[in-house]
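> Below: sequence and its predicted model.
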Amino acid sequence: MSNKLPTRPPKLHAGSGPRFAIVASEYNPEFVQGLINNTCKELYKINPSSVVELFSSPGSFEIPVVAEMVAAKQKCNVIIALGLVLQGQTKHAEFIALSVSHALQQVALKHALPVIHEVLLVSNEEEARERCLGQELNRGLEAARAAFAMLRVQEKFEPRASLR
């Protein structure tokens, strides 16, 4: 895992704002809300005309199902998946994290739609605070920057990807 955030990409000069769907877990709300807030703040900093719609899932395990529904029915350029899984004393958290990772990749491939994966598996609340609420390693900022990086890739294949 990188200890440095990617740099903020330059602002896009598209006509209408790109559309982002955030699929976020309701579990561990303090940390997930921090991810949501930082993601949205960064999306609007990069492009103030961004359109962001939030979709909730009960927990991280359900995020891929909601992402699939969004991909199948919604008009968006990028899906951003946000959640937090705290490692306990069993392997359960690892199984959830692996399952979510695989399922999100399947959604992305099935729909040829970028799905930014920031469903974090962390060892403890200190790591969660650092990655969800802090500024140095904030994965919400990272998610927003990755989303815009993928928009640039889309534009190479679909010149009007920002109007999807």
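Alright, I've got the coordinates.

> Flag every buried residue along the helix or strand in which Ala149 is found.
In this assignment (DSSP states H and E), Ala149 forms part of helix 139-157. Neighbour counts using 16 or more other Cβ atoms under 10 Å place 139-148, 150-151, 154 of helix 139-157 among the buried residues. Yep, even glycine has a C-beta here, placed from its N, CA and C like the rest.

> Over to stretch 113-120?
Going by neighbour count (16+ other Cβ under 10 Å), the buried part of stretch 113-120 is 113-120.

> Not counting its own residues, what contacts it?
The contact list for stretch 113-120, computed with Cβ atoms under 8 Å, 6 or more residues apart in numbering, reads 25, 35, 39, 60, 63, 67, 71, 76-85, 97, 100-101, 104-105, 107-108, 128, 131-132, 139-140, 142-143, 146-147, 150-151, 153-154.

> In strands, which of these appear?
Counting by DSSP state E, the part of the contacts of stretch 113-120 found in strands is 25, 78-85.

> Which one of the residues you listed is nearest to Val52?
Nearest to Val52 among the ones in strands among the contacts of stretch 113-120, counting by Cβ to Cβ, is Ile80 at 8.7 Å.

> how much space between that closest one and Gly88?
26 Å (Cβ to Cβ, to the nearest Å).
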